[in-house]
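> structural data only, the sequence is not supplied:
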């Protein structure tokens, strides 16, 4: 109850759809809310709502640029959604900020293994 009283109006009311959630996330400009956005991103990722999770983590990065954990979380979200190339880039960004991060290190290794095991994408025509 007390947290709702101090929350901006856009955060006080529950989001009813993905569009409402993303609109709410994008209206939050105060870095104070970055941990809340981060946790909301994890909740959305666990619900397999990858677009909403990515929006939360991207907002975290705009509120607190350079947060290694946000890069890892966004990378993991893309990884789970099947965008291994984006995940690799984000794991690298995370490790560039925090080289000893065990999660980013492990997930980068897994993503690289997946990328190497996947057949090459030759685009339209299959390389003809």
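Happy to help now that I have it. Since this is a predicted model, take the numbers as computed values, not measurements.

> please count neighbours and contacts with C-alpha atoms only from this point.
Fine.

> quick check, pLDDT for the closest residue to residue 31 other than its chain neighbours.
Leaving out its chain neighbours, the residue that sits closest to residue 31 by CA to CA, 6 or more residues apart in numbering is residue 63, at 5.1 Å. On the pLDDT scale, residue 63 is placed at 93.

> ok, now which ones touch residue 63?
For residue 63, the contact set (CA atoms under 8 Å, 6 or more residues apart in numbering) comprises 29-31, 34.

> could you do residue 46 as well?
Residues counted as contacts of residue 46 (CA under 8 Å, 6+ apart): none.

> quick one: low-confidence ranges for the protein?
For the chain, the stretches with pLDDT under 70 are 1-19, 21, 121-123, 125-128.

> give me the residue at the spatial middle of it.
residue 74 (2.4 Å; CA atoms, centre = their mean).

> where's it, which helix or strand?
helix 68-80 (DSSP states H and E).

> picking that back up, list only buried entries from the contacts of residue 63.
Neighbour counting with 16 or more other CA atoms under 10 Å marks residue 34 as buried within those.

> of the contacts of residue 63, closest to residue 95?
Relative to residue 95, the closest of the contacts of residue 63 is residue 34; by CA to CA it sits at 20.2 Å.

> please, which helix or strand holds the closest one?
Residue 34 belongs to helix 34-46 when elements are defined using DSSP H and E.

> quick check: buried residues in stretch 20-27?
21-22, 24-26.

> meant to ask about stretch 50-66
Under 16+ other CA under 10 Å, the buried positions of stretch 50-66 are 50-61, 63-64, 66.

> okay, and which of these map to helices?
Judged by DSSP state H, the subset of those located in helices is 50-61, 63.

> TSV for these, including distance to residue 80?
Shown next, in TSV, are these (distance: CA to CA, whole Å):
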residue	distance to residue 80
50	8
51	11
52	13
53	11
54	11
55	15
56	16
57	14
58	16
59	19
60	19
61	19
63	24
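
> hang on, the earlier thing: return the member of the buried residues of stretch 50-66 nearest to residue 120.
residue 50 (24.6 Å).
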